[in-house]
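Undergrad: Please find the sequence and the predicted model below.
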Number of protein chains: 2
Amino acid sequence: MPDPKDPLMPADDDARILAQTLLAKAQHASLAVTDAATGTPGISLIAFGLDPEGDPLTLVSGLAPHLEALRAHPDAAVMVGSPGTKGDPLTHPRLMVKVRARLIARGSPEHGPLRAHWLASHPKAKLYVDFADFAFARLTPVSAVLNGGFGRAWRLTPADLRPE
Amino acid sequence: MPDPKDPLMPADDDARILAQTLLAKAQHASLAVTDAATGTPGISLIAFGLDPEGDPLTLVSGLAPHLEALRAHPDAAVMVGSPGTKGDPLTHPRLMVKVRARLIARGSPEHGPLRAHWLASHPKAKLYVDFADFAFARLTPVSAVLNGGFGRAWRLTPADLRPE
């Protein structure tokens, strides 16, 4: 039975398909972290893609403050879905995903396959993917909310985010 | 003397003007909060504008999870500057501002002037600005980082964000 105080709807197939489409199309995302030094929120624009299993993935520079943040506090949140340049941005669909980040060291067995997969969808990254201070971070979904615009929002599980 | 480990440059006039332009043009922003229930990061798309003094301001629905988050943890971070639809989004300038939020109750002396100012720049908000569950949140800057694209980033103070 729905909670009358919960404005979020349970997932349905339309919501799943929209969420999966937003994830598949996104080449960048907003990332919310807990700042390592202050313990307060930080926010960054990140490169975004999916790993071979369909889970969110980013490539991070060691100079980016969010790399330190993710090391100190792996819980984070990402948002995908760019507002267009026309109309009210708040009516554009966007997906917010709470994630747990895991950094993938260069030289680890996971790194090579991620590198090849990432370059297939982000070819310009070949200019810096092999810099010593760049790392991949797998962003494993914990929960998600899809907002389709005013008055339409759904609660999604990690399974809802993956194509069958 | 610059810290060789700090990749951020001190503010200059070009950085101040770019930051102020990004703030003045933004009609929406990404907001990072600390979730009230879990204490982990949350992220939302918010309506964005400036208050009469030039400080960031947003209008929030009581149904939005970030309203509860800001009540529990006023420290937050906003990012403005939309990546365009062309080119590498990470080369587009964006401004990240750490803020402290203060909710403005309807009926408080501050609310009327904020309402009038907001509607001048966000006319469509007249459809819902007077709903009982909507509130303004002043987002007072604490510090900021302007990222102009790869390899160009500046550390800015709250004073740098305000036109003289």
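TA: All right, it came through fine. Numbers count the residues shown, from 1 in each chain, chains lettered A, B, ... in the order given.
Undergrad: Enumerate the residues of chain A near chain B.
TA: Taking CB under 8 Å from any CB of the partner chain, the part of chain A that reaches chain B is made up of A:7, A:27-28, A:30-34, A:38, A:40-45, A:47, A:63, A:65, A:73, A:75-79, A:82-85, A:88-90, A:94, A:96, A:98, A:124, A:145, A:147. To be clear about C-beta, it is placed using only N, CA and C from the backbone, and glycine gets the same treatment.
Undergrad: Separate out the buried members of the residues you listed.
TA: When burial is judged by neighbour count using 16 or more other CB atoms under 10 Å in any protein chain shown, the buried members of those are A:7, A:28, A:30-34, A:40-45, A:47, A:63, A:65, A:73, A:75-79, A:82-83, A:89-90, A:94, A:96, A:98, A:145, A:147.
Undergrad: Show me what the biggest helix by length in chain A packs onto, helices and strands only.
TA: Looking across chain A with DSSP state H, the single longest helix is helix A:13-25. Packed against helix A:13-25, as judged by 3 or more CB pairs under 8 Å, 6 or more residues apart in numbering or on different chains; DSSP states H and E, are the following elements: strand A:94-104, strand A:134-147, strand A:153-156.
Undergrad: pull the CA atoms of whichever helix or strand comes after it into CSV?
TA: Using DSSP states H and E, the next helix or strand after helix A:13-25 towards the C-terminus is strand A:28-34. What follows is strand A:28-34, C-alpha atoms only, in CSV (Å, rounded to 0.1, in the frame of the first residue of the first chain):
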residue,chain,number,x,y,z
HIS,A,28,28.8,13.6,-18.2
ALA,A,29,27.1,13.8,-14.8
SER,A,30,27.0,15.8,-11.6
LEU,A,31,28.6,14.1,-8.7
ALA,A,32,27.9,14.9,-5.0
VAL,A,33,30.5,13.8,-2.5
THR,A,34,31.4,14.3,1.1
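Undergrad: Partner strands of strand A:28-34 and their direction?
TA: strand A:41-47 (antiparallel), strand A:75-80 (antiparallel) (DSSP bridges).
Undergrad: Adding mean pLDDT and distance to residue A:157, write those strands out as JSON lines.
TA: As requested, these are exported to JSON lines (pLDDT from 0 to 100; distance: least, CB to CB, whole Å):
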{"stretch": "strand A:41-47", "mean pLDDT": "96", "distance to residue A:157": "23"}
{"stretch": "strand A:75-80", "mean pLDDT": "98", "distance to residue A:157": "16"}
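Undergrad: Can you give me the end-to-end span of stretch A:97-110?
TA: 23 Å (CA to CA, to the nearest Å).
Undergrad: Next: stretch A:49-57.
TA: End-to-end distance for stretch A:49-57: 5 Å, by CA to CA.
Undergrad: And the contacts of that stretch?
TA: Residues outside stretch A:49-57 that contact it (CB atoms under 8 Å, 6 or more residues apart in numbering or on different chains): A:23-24, A:26-27, A:29, A:48, A:58-59, A:78, A:97, A:99, A:113-114, A:117-118, A:121-122, A:136-141, A:161-163.
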